[in-house]
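S.K.: Provide a 3D model corresponding to the input given below.
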Amino acid sequence: MLGDATVYGTRIVVCVSKFGSLALVCADNPGAFFGTVDAQTEGELDAADLAMVNRALVELGYVVVAEELLESDYDGPSRLPWHVQRTSWWHRFFGIFW
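M.R.: Modelled structure (predicted):
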């Protein structure tokens, strides 16, 4: 079963950037919570589980980026598809274009 290996049973998802060695860690799915702090506050993500995943990513050479930071506006060049209303850092490093 998904999530059986975590304290609260919520799966932990890791997204790897299309550019560089950036990684995003989130509970359930990207956007399900407003970041890992929110998931912890909601009782869906254990701090020890998160620390273990973050540690493994750092040991592999990744920089872990907070999900809430990725929702900030990105004002650089982009080729957005018609359905995206605003560009965020999520789109820039993890999203659907580039």
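
S.K.: longest single helix anywhere in the protein?
M.R.: helix 47-59 (DSSP state H).

S.K.: direction included, what does the helix or strand just after it pair against?
M.R.: Moving toward the C-terminus from helix 47-59, the first helix or strand encountered (DSSP states H and E) is strand 63-65. If you go by DSSP bridges, strand 63-65 pairs up with strand 22-27 (parallel).

S.K.: ranges for the helices of the chain?
M.R.: 36-41, 47-59, 67-70, 89-93.

S.K.: how about residues contacting the longest helix of the chain?
M.R.: Residues outside helix 47-59 that contact it (Cβ atoms under 8 Å, 6 or more residues apart in numbering) are 6-8, 12, 14, 23, 25, 36, 40, 64. (C-beta placed from N, C-alpha, C; glycine too.)

S.K.: buried subset of these?
M.R.: Neighbour-count burial (16 or more other Cβ atoms under 10 Å) applied to those gives 6, 12, 23, 25, 36, 40, 64.

S.K.: pLDDT added to those residues, as TSV?
M.R.: TSV is the format used below for those (pLDDT from 0 to 100):
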residue	pLDDT
6	90
12	94
23	96
25	95
36	93
40	95
64	96
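
S.K.: of the residues you listed, which is the nearest to residue 77?
M.R.: For these, the minimum distance to residue 77 (Cβ to Cβ) is 23.7 Å, reached by residue 23.

S.K.: residue contacts, the closest one?
M.R.: By Cβ under 8 Å, 6+ apart, the residues touching residue 23 are 14-17, 57, 62-65.

S.K.: one more time with 6 Å, if that's ok
M.R.: 14, 16, 57, 62, 64 (Cβ atoms under 6 Å, 6 or more residues apart in numbering).

S.K.: quick one: the closest residue to it other than its chain neighbours from residue 53, how far?
M.R.: Among residues not flanking residue 23 along the chain, residue 62 sits closest, at 4.1 Å (Cβ to Cβ, 6 or more residues apart in numbering). According to Cβ to Cβ, to the nearest Å, residue 62 and residue 53 sit 10 Å apart.
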